[in-house]
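**Q** Give me coordinates for this.
(chains A, B and C)
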Amino acid sequence: MKVDERRVRGLNDRAAGGGPVVYWMSRDQRVQDNWALLYAQEKALERRVPLYVIFNLFRISDRANTRQYRFMFAGLKEVEGSLEALSIPFTVLFGAPEDVIPVFVKKHNVGEVVVDFSPLRYARTRRTKVATQLSCAVTEVDAHNIIPCWKASDKEEFAAYTFRPKVHRALSEFLSDFPKLKKHPHEGGLKTKPTDWGAYLKQLSLEELNDTAFAAGEKAAHKHMAAFIKARLDMYHEDRNDPTKNGVSGLSPYLHFGQLSAQRVAYEVNKTLDNNKEAREAFLEELIVRRELADNYCFYNKKYDKVEGAHAWAQKTIAEHKEDVREYLYTKNQLETAKTHDDLWNAMQLQMVQEGKMHGWCRMYWAKKILEWTPDAQTAVDIALYLNDKYELDGMDPNGVTGVMWSICGVHDRAWNERHIFGKIRYMNYAGAKRKFDIKTYIQRYAPNDTLFDNN
DNA sequence: ATCGGCTCGCGCAA
DNA sequence: TGCGCGAAGCCGAT
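**A** Now for the predicted structure:
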């Protein structure tokens, strides 16, 4: 089974040479179920050349924290081992990609570089810089979305309802099983030794590698997925919006780092049609339609994290309410340390800091309150994304960007009735949360802990 | 407990 | 040109 060419696009117009094929692993950090890696092997087998996998490491953001790096490194360590068993050398290249990747390519006479796809600004800039510099072909494969981002739609979608029919039409073509990655038969000159991940943590000025609260990596992801499908999927439609229940899948960290393929999850869910139909459809709506809509938004909207990226009606209403007096005004630090008058909001912030994960429903309430309590919408977006990227295990992801923009700037949403500060942006409040779930239980669970912020 | 109004614009039918 | 309906709500009337 060949990789669908619609997943693939050239990032420069250079021809592939006769040297080894390199997969530059970035967003999709897994060995199986990875169309970019499968494509790289397909090309290497056609040309009878070696296949190498590289991971480029450097401090991409001062926001990223030790928890995220631990999670990522644990996954990469497993990747390294799995690749070794398939005779595919793996190596880390440390430094700015436009510096270190061309050096590697030259040294090993690489014929083609294959990279996975991300719609985020920093990721695209890195890929473009490298593609421009190299004299061999640089090819991008969308290994993250079930339907390749540029194929699902050729424009920025207005809302989920405009995107949904396109996705459902294309699913029958793209929602397949994956072929297995093969043991690679062509050996090359790259000799690697086991990566010293602890040394890289030091180099990045991060703490030593300790046990993480989450089991990271491909194997753990599959175990988590199987357990969710078996035990909790059937209640998903009823429990997912209650933060006191364990109703959500908990798969987003694995999906974010690409340790798990969304296509694999969707395929496995569809395989067992004895599950509850309503639950299955609600879950697949979030896993596929809303997640891939987030990629669509960031891919086609250059101002995806700016008020200017929002719908015209939203920009207008935000401008009209810019001068509205805010009853509560908090600084970034007050918000970060959960020192607001709202015990429910504080508990949400504390859940995120403590667990690296905030419940999906809470993320909406949380972001909307930041709009209410900061001087203007852009400040709110900036703070929400800063906190999201710093504390969430699934930070630095189109899902987080789109979620924040939905909450604060009405992206993919409709106008609602006019009110103070929010204008026509959908409003959410404490009373609504009270109606929905037992907020007392939730608040008590994440009681403040004075030592929390000392380690950051 | 349930329902309608709030409010905007896309996409499709005609 | 008209019309249905939408990413998770709120509020007041019944």
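
**Q** interface residues of chain A facing DNA strand C?
**A** Taking CB under 7 Å from any atom of the strand as the contact definition, chain A meets DNA strand C at A:159-161, A:164, A:240-241, A:286, A:290, A:293-294, A:297, A:360-361, A:364, A:402-403, A:406, A:411-414, A:416-417, A:426-429, A:431-433, A:435-436. Quick note: C-beta positions are derived from backbone N, CA and C, even for glycine.

**Q** Give the ChimeraX command for selecting the buried subset of the residues you listed.
**A** Buried subset of those, written as a ChimeraX selection, criterion 16 or more other CB atoms under 10 Å:
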select /A:164,240,241,286,290,293,294,297,360,361,364,402,403,406,411,412,413,427,428,433
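
**Q** In strands, which of the residues of chain A next to DNA strand C fall?
**A** Among these, no residue falls in strands (DSSP state E).

**Q** just the residues of chain A next to DNA strand C that are near DNA strand B?
**A** Among those, the ones lying near DNA strand B by CB under 7 Å from any atom of the strand are A:R414, A:W416, A:N417.

**Q** In a markdown table, list those residues along with distance to A:A314.
**A** Conversion of these to a markdown table gives the following (distance: CB to CB, whole Å):
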| residue | distance to A:A314 |
| --- | --- |
| A:R414 | 10 |
| A:W416 | 11 |
| A:N417 | 14 |
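
**Q** quick one: the closest residue to DNA strand C within the stretch 151-300 of chain A and A:A16, what's the gap?
**A** With CB to the nearest atom of the strand, the shortest gap between the stretch 151-300 of chain A and DNA strand C falls at A:A160, namely 2.8 Å. Noted for A:A160: a distance of 39 Å to A:A16, by CB to CB, to the nearest Å.

**Q** got it, and A:E392?
**A** The gap separating A:E392 from A:A16 is 38 Å, by CB to CB.

**Q** ok, now A:V49?
**A** Distance, A:V49 to A:A16, by CB to CB: 10 Å.

**Q** Quickly list what's touching both of those two.
**A** Shared contacts of A:V49 and A:A16, defined by CB atoms under 8 Å, 6 or more residues apart in numbering, comprise A:G111.

**Q** List the contacts of the spatially closest residue to A:V381 that is not a sequence neighbour.
**A** Leaving aside its sequence neighbours, A:V381 sits nearest to A:I408 (CB to CB, 6 or more residues apart in numbering; 5.4 Å). Contact analysis of A:I408 by CB under 8 Å, 6+ apart lists A:A367, A:K368, A:I370, A:L371, A:A377, A:A380, A:V381, A:A384, A:I425.

**Q** so A:I408 sits in a helix?
**A** Yes. Assigned with DSSP: H, G, I helix; E, B strand; the rest coil, A:I408 falls within a helix.

**Q** can you pull the contacts of A:D4?
**A** A:D4 neighbours (CB under 8 Å, 6+ apart): A:W35, A:P148, A:F174.

**Q** now with 10 Å?
**A** A:W35, A:Y39, A:V141, A:D142, A:P148, A:K151, A:E173, A:F174, A:S176 (CB atoms under 10 Å, 6 or more residues apart in numbering).

**Q** how about TSV for these, with pLDDT, secondary structure and distance to DNA strand B added?
**A** Putting the contacts of A:D4 into TSV (pLDDT from 0 to 100; DSSP: H, G, I helix; E, B strand; the rest coil; distance: CB to the nearest atom of the strand, whole Å) gives the following:
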residue	pLDDT	secondary structure	distance to DNA strand B
A:W35	98	helix	27
A:Y39	98	helix	31
A:V141	98	strand	27
A:D142	98	coil	21
A:P148	97	coil	19
A:K151	95	helix	16
A:E173	93	helix	18
A:F174	95	helix	19
A:S176	96	coil	25
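
**Q** Go through the residues you listed and name the one nearest A:G75.
**A** Closest approach between these and A:G75, by CB to CB: A:W35, at 18.0 Å.

**Q** Please enumerate the helices of the stretch 201-350 of chain A.
**A** Secondary structure of the stretch 201-350 of chain A, counting by DSSP state H, counting those that start in this stretch: helices at A:218-227, A:236-239, A:252-256, A:262-271, A:277-284, A:291-300, A:312-320, A:332-336, A:343-355.

**Q** List the buried residues for the first one?
**A** When burial is assessed from 16+ other CB under 10 Å, helix A:218-227 yields the following buried residues: A:E218, A:A220, A:A221, A:H222, A:H224, A:M225.

**Q** And for the longest one?
**A** For helix A:343-355, the buried set under the neighbour-count rule, 16+ other CB under 10 Å, comprises A:D343, A:L344, A:W345, A:N346, A:A347, A:M348, A:Q349, A:L350, A:Q351, A:M352, A:V353, A:E355.

**Q** Looking at the stretch 351-456 of chain A, which residue is nearest DNA strand C?
**A** For the stretch 351-456 of chain A, CB to the nearest atom of the strand, closest residue to DNA strand C: A:G432, 1.9 Å.

**Q** Which residues lie in contact with the nearest residue to that residue once chain neighbours are set aside in this structure?
**A** Spatial nearest neighbour of A:G432, chain neighbours left out: A:Y365 (8.0 Å); criterion: CB to CB, 6+ apart. For A:Y365, the contact set (CB under 10 Å, 6+ apart) comprises A:243, A:342, A:344-345, A:348, A:358-359, A:407, A:428-430, A:432-433, A:436.

**Q** Tell me the residues of chain A that contact DNA strand B?
**A** So far as CB under 7 Å from any atom of the strand goes, chain A lies against DNA strand B at A:157-158, A:162, A:165, A:311-313, A:414-418, A:424.

**Q** If we use 10 Å, what do you get?
**A** Selection of chain A residues close to DNA strand B by CB under 10 Å from any atom of the strand yields A:153, A:155-159, A:161-163, A:165-166, A:169, A:311-317, A:410, A:413-419, A:423-424, A:426-427, A:435.

**Q** Among the residues you listed, which ones are in helices?
**A** A:161-163, A:165-166, A:169, A:312-317, A:435 (DSSP state H).

**Q** Compile those into a markdown table and extend it with columns for pLDDT.
**A** Shown next, in a markdown table, are those (pLDDT from 0 to 100):
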| residue | pLDDT |
| --- | --- |
| A:Y161 | 90 |
| A:T162 | 92 |
| A:F163 | 93 |
| A:P165 | 91 |
| A:K166 | 93 |
| A:R169 | 91 |
| A:A312 | 91 |
| A:W313 | 92 |
| A:A314 | 93 |
| A:Q315 | 93 |
| A:K316 | 92 |
| A:T317 | 93 |
| A:R435 | 87 |
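
**Q** Give me the buried entries from those.
**A** Buried subset of those (neighbour count, 16+ other CB under 10 Å): A:F163, A:K166, A:A314, A:Q315, A:T317.

**Q** Next, give me the two most distant ones among the residues you listed.
**A** A:K166 and A:T317 (28.2 Å).

**Q** Give me the residue ranges of chain A where confidence is low.
**A** Applying pLDDT under 70 to chain A flags the ranges A:60-62, A:207-213, A:449-456.
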